[in-house]
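J.: My questions are about this predicted structure, shown below with the sequence.
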Amino acid sequence: MQVWNDYLSQNKQRFLDELLDLLRIPSVSADSKYKTDVARCAESVKENLLKAGCDMAEICPTNGHPIVYGEKIIDASAPTVLVYGHYDVQPADPLDLWHSGPFDPVIKEGKIYARGACDDKGQMFMHVKALEVMNNTGTLACNLKFMIEGEEEVGSSNLGKFLEGNKDKLKADIVLVSDTSMISMEHPSIETGLRGLAYMEVEVIGPNRDLHSGVYGGAVHNPINALCKMIASCHDEKNHITIPEFYDKVQQQTEEERNALNAAPFDLEEYKKDLDVNEVWGEEGYTTLERTGTRPTLDVNGIWGGYTGEGAKTVLPSKAFAKISMRLVPHQNSDEIAAIFQKHFETIAPKSVKVKVTPHHGGEPVVTPTDSVAYKAASEAIKTAFGKDPIPTRGGGSIPIIALFEKVLGLKTVLMGFGLDNDNIHSPNEKYDVANFYKGIETLPYFHKYFAEMSKG
């Protein structure tokens with residue numbers, strides 16, 4: 001609608017400046033030294049919701065970081081959209097790989113570089129600004145509720161309790177989330193599923209102290225050597241995960257489903273060029289799109305032990321550690337997979353070491369319906385804004401809370417993301433295109449318009 005475009009055009013710089021202010025707050029949920037900053041960011045989100053037009057907004061304490069709740073109710077008979085997002089961000093390490101400060105946002109070649117630019121402050125903030133656009137032009141067609149949390153990057157461990165205790169407050173017709181990506185601005189898409197997650201930490205314990213590698217080397221098992229061999233054994237020569245029972249509940253895609261997934265635009269050579277790799281890797285018999293969207297994985301996210309400082313120290317370490325994540329697909333369960341992994345890792349440990357396995361957090365895989373009113377409204381919104389129908393895709397990432405929305409609130413979710421796969425989320429130099437930020441603000445009001453119209457039947 002022209003009135004939306006006019007308002008956006010008149011306020012583009014202010015919208016961008018307000019996002020940059022939000023990105024300057026180091027709201028790292030995983031590190032306790034940022035607790036005050038996380039709380040400060042929650043307060044900023046609350047104030048932005050009120051400024052955008054919410055009738056009320058509040059900080060809701062949890063046993064961890066707070067949740068920000070806000071709402072704009074226009075008509076009890078109108079459909080209600082619950083917007084979910086998160087204001088917490090991943091740690092910025094390693095800092096030396098950033099070409100600018102992770103919490104000192106800069107714009108280069110039309111891209112915002114900062115931690116949280118895409119995941120998820122930039123995308124969450126689109127919804128706040130879309131509310132402002134609709135509210136200040138008198139065109140808001142749906143009731144809007146916002147639930148913006150501060151623990152998504154550490155597993156959303158307190159959000160489930162919040163859902164259980166606030167079912168009436170959170171009553172809605174659909175959950176709308178922008179914490180995902182699309183293929184490209186030329187090929188807009190909607191993700192119709194996400195993988196689940198089981199995240200583990202393992203500790204391999206050898207001798208009761210670090211030892212001289214000359215005096216004891218060859219006689220006492222090095223925990224790092226043991227850990228590396230154990231991890232390596234979790235994949236076979238076809239890159240298939242070797243843990244017993246791991247695939248028992250994995251539903252094999254039909255040929256029709258596989259063909260539909262692989263019909264999405266994808267340039268393998270461009271993919272390798274972007275990542276600067278000579279070849280892709282993965283489970284034999286599957287394409288890259290299948291490996292990242294519909295197949296489970298096991299990856300080491302961090303590994304350490306012994307001496308890692310400057311120079312040399314000939315030490316045989318007492319302990320070795322690793323953090324390991326497994327991405328899951330329907331109908332795998334994160335608790336079951338965590339238990340299977342723990343049993344397997346303890347079983348394959350040599351008698352010369354001891355093993356401790358600690359589950360951290362997990363989430364369930366989800367598949368969203370493509371025949372719902374909400375999906376059709378999202379599809380029509382993208383078609384209107386981009387001039388072409390969106391392509392349905394499967395996302396390789398995880399949003400642990402999505403499955404709980406259906407379990408606790410009985411609500412389906414629409415994953416309407418505007419990020420790109422090369423936005424470096426969770427990595428140094430995370431970015432978000434300014435054009436994508438504005439395009440999201442332009443597109444989201446159409447979703448509310450079409451959802452209200454289609455909900456009338």
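T.: Cool, the structure landed.
J.: what about stretch 220-237, average pLDDT?
T.: Regarding stretch 220-237, the rounded mean pLDDT is 98.
J.: what do you get for stretch 281-293?
T.: Stretch 281-293 comes out at a mean pLDDT of 96.
J.: which residues sit against that stretch?
T.: With Cβ atoms under 8 Å, 6 or more residues apart in numbering as the test, stretch 281-293 has contacts from 193, 195, 238-240, 253, 258, 261-262, 264, 266, 268, 271, 280, 295, 297, 393-396. Where you see a C-beta, it was placed from the backbone N, CA and C, and this is true even at glycine.
J.: Please pick the buried ones from these.
T.: 193, 195, 253, 258, 261, 295, 297, 393-396 (16 or more other Cβ atoms under 10 Å).
J.: quick one on the thing from earlier: which of the contacts of stretch 281-293 fall within strands?
T.: 193, 297, 393-395 (DSSP state E).
J.: which of these lies closest to S100?
T.: G395 (28.0 Å; Cβ to Cβ).
J.: Looks like the closest one contacts I183 (just checking).
T.: No - using Cβ atoms under 8 Å, G395 is not in contact with I183, being 11.2 Å away.
J.: Restricting to C-alpha, output stretch 26-35 in PDB.
T.: Presented in PDB, the C-alpha positions along stretch 26-35 are these (Å, rounded to 0.1, in the frame of the first residue of the first chain):
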ATOM      1  CA  PRO A  26      26.100  -6.400  24.100                       C
ATOM      2  CA  SER A  27      23.200  -8.700  25.200                       C
ATOM      3  CA  VAL A  28      25.200 -11.900  25.300                       C
ATOM      4  CA  SER A  29      23.000 -14.400  27.200                       C
ATOM      5  CA  ALA A  30      25.600 -17.100  27.500                       C
ATOM      6  CA  ASP A  31      28.100 -15.100  29.500                       C
ATOM      7  CA  SER A  32      27.100 -13.900  33.000                       C
ATOM      8  CA  LYS A  33      29.400 -10.800  32.800                       C
ATOM      9  CA  TYR A  34      26.800  -9.400  30.300                       C
ATOM     10  CA  LYS A  35      23.800  -9.800  32.600                       C
END
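J.: Helices - which of the contacts of stretch 281-293 land there?
T.: Among the contacts of stretch 281-293, the ones falling in helices (DSSP state H) are 258, 261-262, 268, 271.
J.: any chance of these in JSON lines, plus pLDDT and distance to Q13?
T.: Compiled in JSON lines, these are given as follows (pLDDT from 0 to 100; distance: Cβ to Cβ, whole Å):
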{"residue": "R258", "pLDDT": "93", "distance to Q13": "46"}
{"residue": "L261", "pLDDT": "91", "distance to Q13": "40"}
{"residue": "N262", "pLDDT": "94", "distance to Q13": "42"}
{"residue": "L268", "pLDDT": "96", "distance to Q13": "39"}
{"residue": "Y271", "pLDDT": "95", "distance to Q13": "35"}
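J.: Between all of those, which two are at the greatest distance?
T.: Longest span within those, Cβ to Cβ: R258 and Y271, 18.4 Å.
J.: Check C41 and give its pLDDT.
T.: 98.
J.: pretty sure it contacts L23?
T.: No - using Cβ under 8 Å as the test, C41 is too far from L23 to be in contact (9.8 Å).
J.: List the buried residues for stretch 50-57?
T.: Buried, per 16+ other Cβ under 10 Å, within stretch 50-57: 52-54, 57.
J.: Could you let me know which of these ends up closest to A117?
T.: A52 (19.6 Å).
J.: so what's that closest one up against?
T.: Contacts of A52 (Cβ under 8 Å, 6+ apart): 128-129, 131-132, 135.
J.: Now intersect those with the helices, please.
T.: Using DSSP H, those in helices are 128-129, 131-132, 135.
J.: Contacts for stretch 423-438, please.
T.: Residues contacting stretch 423-438 (Cβ under 8 Å, 6+ apart): 8, 12, 15-16, 19, 90, 92, 94-95, 97-100, 102, 107, 110-119, 122-123, 125-126, 181, 185, 418-420.
J.: Put the buried members of these into a PyMOL selection.
T.: Command for PyMOL that selects the buried part of the contacts of stretch 423-438, burial taken from 16+ other Cβ under 10 Å:
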select buried, resi 8+15+16+19+90+92+98+102+111+112+113+114+115+116+117+118+119+122+123+125+126+181+418+419+420
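J.: Helices - which of the contacts of stretch 423-438 land there?
T.: Counted as lying in helices by DSSP H, out of these, are 8, 12, 15-16, 19, 122-123, 125-126.
J.: possible to save these as a markdown table with distance to F405 and pLDDT?
T.: Formatted as a markdown table, the ones in helices among the contacts of stretch 423-438 follow (distance: Cβ to Cβ, whole Å; pLDDT from 0 to 100):
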| residue | distance to F405 | pLDDT |
| --- | --- | --- |
| L8 | 29 | 98 |
| K12 | 32 | 98 |
| F15 | 28 | 98 |
| L16 | 30 | 98 |
| L19 | 26 | 98 |
| G122 | 22 | 98 |
| Q123 | 17 | 98 |
| F125 | 21 | 98 |
| M126 | 20 | 98 |
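J.: In strands, which of the contacts of stretch 423-438 appear?
T.: Using DSSP E, those in strands are 107, 111-113.
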